[in-house]
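Peer 1: Sharing a sequence plus its predicted fold:
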Amino acid sequence: MEEFVNGKILKTREKEGMPAMTRRETVIQALNHKETDKLPWFVEFTGQEYEKVARALGDDHFIDRYALCLHYWQYWGYPEEDPDRPGHFVDDFGVTWDRTGADKDIGVVNDPVIKEPDISLFPVPFLNEKRIREKCEQLLSTKEDKFCFAGIGFSMFERLWSYVGMEDALAYMLTDPEFVDELLDKIMEFDLRVLDIMNEYPFDAVYFGDDWGQQRGMIMGAPLWRRFIKPRMAELYRRAKKNGKFVIQHSCGDVEEVFPDLIEIGLDCYQTVQPEIYDLNKIKQTYGDKLSFWGTISTQKALPNLSPEEVKQKIQDTVGIMRKGGGFILAPTHAIPGDVPVENVLAMLEQFSKY
């Protein structure tokens with residue numbers, strides 16, 4: 001197997017008339033903390049924003065013009081619309097998501113299904129194995145030369161609060177820790193069943209989505225995260241690593257204080273890196289040889305508010321910090337929201353494509 005170091009093998013391939021590195025190879029090199037001539041990058045959109053850009057360009061498939069490096073899907077419960085309540089979606093866990101408000105992509109939970117700290121109230125989720133397998137097979141059949149992976153969204157803390165509500169999830173960690181342990185164990189057991197199905201397929205990585213951070217610090221605080229979340233994520237990471245896959249963890253917000261814990265339990269790549277929260281120079285210097293970063297271009301401040309030229313300059317400056325030594329996937333910090341001007345999206349895509 002060829003060793004790719006700082007893009008040198010790419011030059012050798014070109015000299016010998018061989019094809020350049022694939023997008024998949026470029027991502028693998030980044031996750032192995034090796035620089036490449038081409039920088040792996042990715043973009044995703046909220047439904048509202050994608051439709052806006054597509055209308056402006058007159059092209060429903062405009063994103064296909066660009067060489068995005070990642071190809072993935074995450075399972076988070078297959079919400080189906082409630083025929084009696086338009087705009088409300090019921091998932092495999094019995095949770096109803098209200099998409100009639102501002103959040104039309106995921107929605108909000110107005111009425112938790114577990115209203116008391118009693119594990120007997122736990123609704124056994126439906127494991128739709130047939131549908132998961134169909135999605136995995138579809139994903140692999142359309143991956144081209146991209147880095148391809150599947151994942152589990154709402155994998156732990158988010159699944160907890162979707163069952164009981166955010167306020168009670170946090171309160172129960174203090175008042176009813178045994179109930180929280182029981183509920184998180186059931187969530188983990190279900191995740192492991194989903195993960196075992198995904199691990200039968202030749203994906204490059206496993207992705208876990210679970211928001212732990214807020215704008216300043218962690219939602220539940222680091223001690224409670226270590227008490228309840230860390231040991232269960234460690235078990236999920238172990239199961240994924242057993243199959244030789246990279247592990248990618250998504251969390252919005254500020255979770256820097258548990259970066260050492262995440263590295264300890266085997267995390268390869270953290271997403272998303274919000275520059276309004278993190279000191280990019282600091283985290284790159286402190287953790288960049290142990291942890292890869294995916295994100296860094298702000299969907300909160302930069303993309304909605306800067307001019308197109310300022311967007312390009314912000315990307316250039318960020319790449320200058322994050323690219324050295326590999327371990328970086330350039331991307332917006334989240335799915336691009338509906339308040340980003342079309343011209344800024346196009347400026348971002350133009351600048352990303354240069355790398």
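Peer 2: Received, thanks.
Peer 1: Every contact and neighbour count from this point should use C-alpha atoms.
Peer 2: Will do.
Peer 1: I'd assumed residue 161 was in contact with residue 115.
Peer 2: No. Applying Cα atoms under 8 Å as the test, residue 115 and residue 161 come out as separate, 11.2 Å apart.
Peer 1: Who has more neighbours out of the two?
Peer 2: A count of neighbours by other Cα atoms under 10 Å puts residue 161 above the other of residue 115 and residue 161, at 18 against 12.
Peer 1: and the more buried one, how far is that from residue 112?
Peer 2: 8 Å (Cα to Cα, to the nearest Å).
Peer 1: pLDDT at the residue minimising distance to the centre of the chain, what is it?
Peer 2: Centroid-nearest residue in the chain: residue 250, 4.0 Å away (criterion: Cα atoms, centre = their mean). For residue 250, the pLDDT comes out at 98.
Peer 1: what's the distance between it and residue 315?
Peer 2: Note on residue 250: its distance to residue 315, by Cα to Cα, is 21 Å.
Peer 1: same deal with residue 42?
Peer 2: Noted for residue 42: a distance of 13 Å to residue 315, by Cα to Cα.
Peer 1: okay, the two: which has more neighbours?
Peer 2: Neighbours were counted for residue 42 and for residue 315 using other Cα under 10 Å; residue 315 has more, 22 against 18.
Peer 1: need the helices for the stretch 201-350 of the chain, in chain order.
Peer 2: 222-224, 230-242, 259-264, 280-287, 302-305, 308-322, 342-353 (DSSP state H, counting those that start in this stretch).
Peer 1: wait, which of those helices is closest to residue 137?
Peer 2: Comparison of these against residue 137 by Cα to Cα identifies helix 230-242 as nearest, at 18.4 Å.
Peer 1: looking just at contacts, which helices and strands does that closest one meet?
Peer 2: Applying 3 or more Cα pairs under 8 Å, 6 or more residues apart in numbering; DSSP states H and E, one finds that helix 230-242 contacts helix 177-198, strand 246-250.
Peer 1: quick one: low-confidence parts of the chain?
Peer 2: For the chain, the stretches flagged by pLDDT under 70 are 1-19.
Peer 1: try it again with 90
Peer 2: The model of the chain has pLDDT under 90 over residues 1-20, 36-37, 76, 78-80, 83-84, 100-107, 110, 243.
Peer 1: Which one of the helices and strands packed on helix 230-242 lies nearest to residue 204?
Peer 2: Evaluated with Cα to Cα, these place strand 246-250 nearest to residue 204, the distance being 6.5 Å.
Peer 1: could I get the helices and strands packed on helix 230-242 as CSV with distance to residue 208?
Peer 2: Shown next, in CSV, are the helices and strands packed on helix 230-242 (distance: least, Cα to Cα, whole Å):
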stretch, distance to residue 208
helix 177-198, 10
strand 246-250, 5
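Peer 1: just those: most buried one?
Peer 2: Using mean count of other Cα atoms under 10 Å, the stretch among the helices and strands packed on helix 230-242 with the largest mean neighbour count is strand 246-250, at a mean of 22.
Peer 1: Sheet-wise, list the partners of it with their directions.
Peer 2: strand 205-209 (parallel), strand 269-273 (parallel) (DSSP bridges).
Peer 1: quick one, it and helix 230-242 angle?
Peer 2: Counting by axes from the mean of the first three to the mean of the last three Cα atoms, to 10 degrees, strand 246-250 points 140 degrees away from the direction of helix 230-242.
Peer 1: Just the CA atoms of strand 246-250, as CSV, please.
Peer 2: Extracted as CSV, the C-alpha positions of strand 246-250 are listed here (Å, rounded to 0.1, in the frame of the first residue of the first chain):
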residue,chain,number,x,y,z
PHE,A,246,-12.6,6.1,11.9
VAL,A,247,-14.8,7.7,14.5
ILE,A,248,-16.3,11.2,13.9
GLN,A,249,-18.2,13.0,16.6
HIS,A,250,-20.5,16.0,16.0
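Peer 1: what separates it from the chain centre, distance-wise?
Peer 2: From the chain centre to the centre of strand 246-250 is a distance of 7 Å (Cα atoms, centre = their mean, to the nearest Å).
Peer 1: need the strands for the stretch 1-150 of the chain, in chain order.
Peer 2: Secondary structure of the stretch 1-150 of the chain by DSSP state E, counting those that start in this stretch: the strands cover 70-75, 80-81, 88-90, 96-98, 147-152.
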